[in-house]
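everything below, folded, please.
(2 chains)
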Protein chains: 2
Amino acid sequence: MLSFATHDTRRLPVRIIEVSPRDGLQHEAVFVPTARKIDLINALSHTGVAEIEAGSFVSPTAIPQLADSDEVFLAIERIPGVTYSALVPNERGLERARAAAVRKIAMFTAASNSFTRHNIKATVHESLVRFKAVIQGAKRDGMLVRGYLSTAVWCPYEGRMAPLLVLDVMLRLLDLGVDEVSLGETVGRASPADIRALLDTVMTRIDPLRLSLHVHDTYGMAIANVLTAWGDYGITAFDCSAGGLGGCPYAPGASGNVATEDVVFALKASGASVPVDEALIVDCAHQFSTLVGHAPHSRLSQIPPARIRQPALKV
Amino acid sequence: MLSFATHDTRRLPVRIIEVSPRDGLQHEAVFVPTARKIDLINALSHTGVAEIEAGSFVSPTAIPQLADSDEVFLAIERIPGVTYSALVPNERGLERARAAAVRKIAMFTAASNSFTRHNIKATVHESLVRFKAVIQGAKRDGMLVRGYLSTAVWCPYEGRMAPLLVLDVMLRLLDLGVDEVSLGETVGRASPADIRALLDTVMTRIDPLRLSLHVHDTYGMAIANVLTAWGDYGITAFDCSAGGLGGCPYAPGASGNVATEDVVFALKASGASVPVDEALIVDCAHQFSTLVGHAPHSRLSQIPPARIRQPALKV
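From the prediction side, this is the model:
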């Protein structure tokens, strides 16, 4: 276990990247009206999260749920200090992002060719070729670029991924000029030991402040993984979703981004500085829940609100 | 962080103490017929768990759900290598346990006077006085005795408990002759940092093989706590409940023993030797669920059975 960066970064405020409006909503069957999306993004803006992935400029026919991202981006309130990002698959998407005054884009690849083939009809190499032109255009406009690196521990088609393979893709992303890399534990079956093996390998070659961890709670280890990444490796950015909304339809059996409220509570309880109000996140989770028609997947959403805020008071 | 025992005990098989038939069922409103309890205990006996808390000899009027424990104990199949224990509150309960051929009893206390007063109408000291006579009788018959030490990190009435206070009660239990102590994280809001503070204190004075950890998943940190206790402290016994059945009604807002299947999966994924088949536990969880009328609280119970068993195969 390396801990070379721990003494520096664990004192910094944790950055929560709230992905519910994009990654969370994109596979929900029920269309959420544009006005409700805007309301919810505005509500999330006041919870203390550092970044909100607010939409996606993929083909509207591919993901009808997010066909209104242009409108959403032009209507949301943009709070100073909060970053509003959008998924962009290609140059056409970049054009739309530019027109919607998006300042940060996210692109998608993975460690596994089988996964990218199923997901974006391209090999990992082909996906990186697509990155190149988009990143050049984005940088010209002063946009920030995030690279998603999915299946960083397990692939639903290929099984366990070698950390050195993940490192190789991460280095190629950095060479292409991405500002940060989000390592995706897509299948949600990694243990803290797996996260250690991954971070021991990749953190030799990247500033921890350019890394985010994106974990799923499918097998129940997401919170343990977040606490390990923060406590033992000084990772300070985590992708999560209010109410655990969303998951990945390309990973059979996988469901559930880790819930923002549970991540925030666990990090605070472990001594981290997290400038997010988890009770407000729970409010948002319940609002999402009403719109999409199923209950939040989180522990905190099942607790009486008066019992959520720390520290516990005597009753 | 101490790790004096880690090199020895982590190589031992983890002992799962399955509490669903007692702690899990005792506050369920729907009465589970005696024959179904017997069936489920028999099914749990073949999952690989080390111990099953199969009943309780408290007053039948206090907990009608477990009024049939005498009958249950005399009817269940007793598999060699599996221990079948029962909660015993007093000498009357001990008589009943003896008549039912129970070989291991469990008694209850806590670190917090407020909690024992609400729970068993006694101070901690008074509860320990009760232990004395019962333990003497149990030992005379060669029974093993487990002492539950609840509110070991948080009390729902008094807030955070000092580890030294927990140590004091634990030492009194050991002086009284209990064979093992189960530390209960009753409120379910402890983080791994809290578990470390507790274990750093108490493990200076007890053989790790005489300790069990009993965590609740109320705030979502139970699995992280189990992995910390095993990985960093060599704790090898964990109380848990199939499907997360049960909790503690005396801790307002608290719900959910940690689910056996999620504990087993996470420990195996972390490299522990756990001789339990988590897919069989999920089967039991679904059977309990049908009987009590609500869904299991676990991640594994939501995953297609074919995807549960490790290691993951290619699809």
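
show me what contacts the closest residue to residue A:292 other than its chain neighbours?
Nearest residue to residue A:292 in three dimensions, chain neighbours excluded: residue A:28, at 4.6 Å (CB to CB, 6 or more residues apart in numbering or on different chains). C-beta: built from backbone N, CA, C; applies to glycine. Applying CB atoms under 8 Å, 6 or more residues apart in numbering or on different chains to residue A:28 gives the contacts A:65, A:245-246, A:292.

which residues of the stretch 151-300 of chain A lie near chain B?
For the stretch 151-300 of chain A, the residues in contact with chain B (CB under 8 Å from any CB of the partner chain) are A:154, A:156-160, A:187, A:189-194, A:217-221, A:223-224, A:227, A:231, A:252-253, A:255, A:259, A:262, A:265-266, A:269-271, A:298-300.

one more pass at 7 Å, please.
With the criterion set to CB under 7 Å from any CB of the partner chain, the stretch 151-300 of chain A comes near chain B through A:154, A:156-159, A:189, A:191-193, A:217-221, A:223-224, A:227, A:252-253, A:255, A:262, A:265-266, A:269-271, A:299-300.

pull out the buried members of these.
Using 16 or more other CB atoms under 10 Å in any protein chain shown as the burial test, those include A:154, A:156-159, A:189, A:191-193, A:217-221, A:223-224, A:227, A:253, A:255, A:262, A:265-266, A:269-270, A:299-300 as buried.

just the ones of these in helices?
Assigned to helices by DSSP state H, the following of those qualify: A:192-193, A:223-224, A:227, A:262, A:265-266, A:269.

if we can go back for a sec, least confident pick among the contacts of residue A:28?
Across those, the smallest pLDDT goes to residue A:246, namely 90.

could you find the closest non-adjacent residue to that one?
Residue nearest to residue A:246 in three dimensions, not counting chain neighbours: residue A:24, with 3.5 Å by CB to CB, 6+ apart.

and for the one you found, the neighbour number?
Neighbours of residue A:24 under the rule other CB atoms under 10 Å in any protein chain shown: 25.

pLDDT score for it?
In this prediction residue A:24 is given a pLDDT of 94.

show me where chain A has strands.
Secondary structure of chain A by DSSP state E: the strands cover A:15-18, A:51-56, A:83-87, A:104-110, A:144-150, A:154-155, A:159-160, A:180-185, A:211-215, A:237-240.

below-threshold pLDDT in the stretch 151-300 of chain A: ranges please.
A:248-255 (pLDDT under 70).

try it again at 80.
Scanning the stretch 151-300 of chain A for pLDDT under 80 picks out the ranges A:247-255.

what about the contacts of residue A:28, which are in helices?
Reading helices off the contacts of residue A:28 with DSSP H, I get residue A:292.

need the max-distance pair from the contacts of residue A:28.
A:65 and A:245 (11.8 Å; CB to CB).

mutual contacts of those two, please.
residue A:25 (CB atoms under 7 Å, 6 or more residues apart in numbering or on different chains).

these two: which is more packed in?
Between residue A:65 and residue A:245, counting by other CB under 10 Å, residue A:245 is the more crowded of the two (30 against 19).

how much space separates the closest residue to residue A:279 other than its chain neighbours from residue A:275?
Excluding its sequence neighbours, the residue lying closest to residue A:279 (CB to CB, 6+ apart) is residue A:308, at 4.8 Å. Using CB to CB, to the nearest Å, we find residue A:308 at a distance of 16 Å from residue A:275.

looking at those two, which is more packed in?
residue A:308 (22 against 14).

pretty sure the more buried one sits against residue A:300.
Yes: the pair residue A:308 and residue A:300 qualifies as a contact (CB atoms under 7 Å) at a distance of 5.7 Å.

quickly list what's touching both of these two.
Both residue A:308 and residue A:300 are contacted by A:278, A:282, under the criterion CB under 7 Å, 6+ apart.

who's in contact with residue A:212?
A:17, A:180, A:182, A:237-239.

closest to chain B among those?
Nearest to chain B among the contacts of residue A:212, counting by CB to the nearest CB, is residue A:238 at 13.8 Å.

show me what contacts that closest one?
Residue A:238 is in contact with A:14, A:16-17, A:212-213, A:226, A:263, counting by CB under 7 Å, 6+ apart.

give the contact list for residue A:8.
Residue A:8 makes contact with residue A:234, according to CB under 7 Å, 6+ apart.

rerun that using 10 Å as the cut-off
By CB atoms under 10 Å, 6 or more residues apart in numbering or on different chains, residue A:8 lies in contact with A:208-209, A:234, A:236.

any idea how far residue A:155 is from residue A:119?
Distance check for residue A:119 against residue A:155: by CB to CB, it reads 11 Å.

and these two? Which one has more around it.
More crowded of residue A:119 and residue A:155, by other CB under 10 Å: residue A:155, with 26 against 20.

so what's the more buried one closest to, chain neighbours aside?
Nearest to residue A:155 is residue A:112, by CB to CB, 6+ apart, at 3.8 Å.

hang on, isn't that neighbour packed against residue A:154?
Yes: Residue A:112 is within contact range of residue A:154, at 9.1 Å (criterion: CB atoms under 10 Å).

overlap of the contact sets of the two?
Going by CB under 10 Å, 6+ apart, residues that sit against residue A:112 and also against residue A:154 are A:161, A:186.

what bridges to the residue nearest to the spatial centre of chain A?
In chain A, the residue lying closest to the centroid (CA atoms, centre = their mean) is residue A:239, at 3.1 Å. Beta-bridge pairing for residue A:239 (DSSP bridges): residue A:17, residue A:214.

thought it was touching residue A:149?
No: Residue A:239 lies out of contact with residue A:149 (CB under 10 Å); the separation is 11.6 Å.

next, count neighbours for residue A:140.
Counted with other CB under 10 Å, the neighbours of residue A:140 add up to 9.

cool, and residue A:209?
16.

same check on residue A:206?
If you count neighbours by other CB under 10 Å, residue A:206 ends up with 18.

for residue A:144, same thing?
Other residues near residue A:144 come to 17 when the count uses other CB under 10 Å.

which strand residues bridge it?
With DSSP bridges as the rule, residue A:144 is bridged to residue A:104.

again with the one 5 residues further on
For residue A:149, the residues forming beta bridges with it (DSSP bridges) are residue A:109, residue A:183.

distance check, it against chain B.
Distance, residue A:149 to chain B, using CB to the nearest CB, to the nearest Å: 19 Å.

which residues touch that residue?
Counted by CB under 10 Å, 6+ apart, residue A:149 has contacts A:108-111, A:124, A:166-167, A:169-170, A:172-173, A:178, A:181-184, A:186, A:202, A:211-212, A:214.

same thing but at 8 Å, please
With contact taken as CB under 8 Å, 6+ apart, residue A:149 is in contact with A:109-111, A:166, A:169-170, A:173, A:181-184.

convert the C-alpha atoms of stretch A:191-207 to CSV, please.
Below are the C-alpha coordinates for stretch A:191-207, written out as CSV (Å, rounded to 0.1, in the frame of the first residue of the first chain):
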residue,chain,number,x,y,z
SER,A,191,-13.1,-4.9,-2.9
PRO,A,192,-10.8,-2.4,-1.1
ALA,A,193,-8.0,-4.9,-1.9
ASP,A,194,-8.8,-4.5,-5.6
ILE,A,195,-8.9,-0.7,-5.3
ARG,A,196,-5.5,-0.8,-3.5
ALA,A,197,-4.0,-2.9,-6.3
LEU,A,198,-5.4,-0.4,-8.9
LEU,A,199,-4.3,2.7,-7.1
ASP,A,200,-0.8,1.3,-6.2
THR,A,201,-0.3,1.0,-9.9
VAL,A,202,-1.9,4.1,-11.4
MET,A,203,-0.9,6.6,-8.8
THR,A,204,2.7,6.2,-9.6
ARG,A,205,2.0,8.2,-12.8
ILE,A,206,-0.7,10.8,-12.0
ASP,A,207,-1.2,13.6,-9.6
